[in-house]
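sequence first, predicted coordinates after that:
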Amino acid sequence: MLDQHNSEQKHVRYGKARAFYPTFERKGSGDLVTHYCPGCGHGVAQKLIASVIDDLGIQDRTIFLSPVGCAVFSYYYFDTGNIQCSHGRAPAVATGVRRTLDDAIIISYQGDGDLAGIGMTEIVHAANRGENITVIFINNAIYGMTGGQMAPTTPVGRKTLTTPFGRELIRDGRPIGMAELMESLSTPVYIERCSLATVKDVMKTRKAIKKGLQNQIDHLGFSFIEILSPCPTNWRMTPVQACEWTKNELAAVFPLKVFRESHGKKPPTSLITPFPFLDDASLVELLVNTGDVQNEPQNSLGITQRVKISGFGGQGVLSAG
């Protein structure tokens with residue numbers, strides 16, 4: 001029986017990706033389900049990413065950067081390197097990781113409030129620098145984790161908690177097309193907008209994710225994949241209705257298309273030259289006092305000095321940083 005079982009195991013063609021933990025111990029002992037709502041696109045998108053990581057054989061090199069938002073607990077699920085980033089700052093964190101780990105495969109996974117709202121500065125400048133990273137942008141057109149407020153991507157006329165009568169063009173402006181904004185920069189090598197509304201869309205999205213990660217493996221530069229995603233809970237819809245709305249209405253505002261593709265063309269040499277790295281000896285030399293500088297700290301006040309750093313929520317953490 002054991003030999004038969006082993007034989008069957010060798011012929012398994014489909015199963016949970018190795019890049020996903022078999023059980024989510026960080027969420028709860030033996031837990032097998034994610035924290036995402038039924039019909040939410042995050043679960044689908046993350047399973048696609050995990051399967052692509054398996055395909056490319058990059059699990060041990062991958063560092064997954066979690067956003068602040070519904071996907072804040074992504075490190076519950078990915079059996080890869082994981083960093084939890086401050087709100088909107090994942091591209092800045094990705095830049096730091098790239099400067100220190102040349103061989104890492106870095107995935108910056110962000111929602112629309114995280115990326116297009118508070119993180120607009122970070123994403124634009126990371127893209128403009130042509131950082132060799134892959135950004136997965138989940139666009140469900142609403143703030144999810146905080147309860148359904150208007151996002152930078154909410155369509156005109158759509159009601160949310162902060163626009164109870166609908167988003168107004170004069171008061172709130174138009175929804176921001178992030179893929180279009182990325183296209184206005186000359187540096188990104190790959191920009192595509194996909195969807196999770198239908199099975200066909202899901203398969204196209206998987207191909208886009210694979211292409212974006214392969215670009216990074218090949219050191220081509222910055223890849224940006226925007227994914228239109230259903231949010232049944234905050235749109236007050238059933239999962240089926242949310243997929244239909246994503247397909248028929250959200251895609252009308254944000255058309256699905258490939259905005260730019262490098263076709264394997266490498267960027268200028270100046271953009272792929274490795275950054276100089278300091279070894280341990282160099283760091284020690286920088287940190288150790290030399291010359292006539294006295295090694296003992298001087299306290300001119302003659303009393304013990306203490307510093308207290310305070311703030312609210314993440315601001316306190318940023319202040320401490």
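Okay, I see it. Residues are numbered from 1 along each chain as shown.

nearest residue to the middle of the protein?
residue 109 (1.1 Å; CA atoms, centre = their mean).

quick one, grab the pLDDT at the closest residue to residue 104 other than its chain neighbours.
When the adjacent residues along the chain are set aside, residue 104 lies closest to residue 63, with 5.2 Å between them (CB to CB, 6 or more residues apart in numbering). Placement of C-beta: from N, CA and C, glycine included. The pLDDT attached to residue 63 in the predicted structure is 98.

and residue 63, that one's in a strand?
Yes. Using DSSP: H, G, I helix; E, B strand; the rest coil, the assignment for residue 63 is a strand.

wait, it touches residue 101, no?
Yes. The criterion here is CB atoms under 8 Å, and residue 63 meets it with residue 101 at 7.4 Å.

and these two? Which one has more around it.
Shown here are residue 63 and residue 101; by other CB atoms under 10 Å, residue 63 has more neighbours (20 against 14).

what ranges do the strands span in the stretch 51-200 of the chain?
62-66, 81-84, 105-111, 134-139, 190-195 (DSSP state E, counting those that start in this stretch).

tell me which other helices or strands the shortest one touches.
Contact partners of strand 81-84 among helices and strands, from 3 or more CB pairs under 8 Å, 6 or more residues apart in numbering; DSSP states H and E: strand 62-66.

the strand it packs on vs strand 134-139, what angle?
30 degrees (axes from the mean of the first three to the mean of the last three CA atoms, to 10 degrees).

partner strands of strand 62-66 and their direction?
Based on DSSP bridges, the strands next to strand 62-66 in the sheet, each with its direction, are strand 81-84 (parallel), strand 105-111 (parallel).

stretch 174-188: end-to-end distance?
Taking CA to CA, to the nearest Å, the span from the opening residue of stretch 174-188 to its closing residue is 24 Å.

off-centre distance for that stretch?
For stretch 174-188, the separation from the chain centroid amounts to 17 Å (computed by CA atoms, centre = their mean, to the nearest Å).

list the buried residues of it.
Applying a neighbour-count criterion of 16 or more other CB atoms under 10 Å, the buried positions in stretch 174-188 are 175-179, 181-182, 185, 188.

ranking the strands paired with strand 62-66 by mean neighbour count, which comes first?
strand 105-111 (a mean of 28; mean count of other CB atoms under 10 Å).

and the helix or strand containing residue 224, what other elements does it pack with?
When elements are assigned from DSSP states H and E, residue 224 belongs to strand 223-228. Packed against strand 223-228, as judged by 3+ CB pairs under 8 Å, 6+ apart, are the following elements: strand 134-139, helix 178-183, strand 190-195, helix 199-217.
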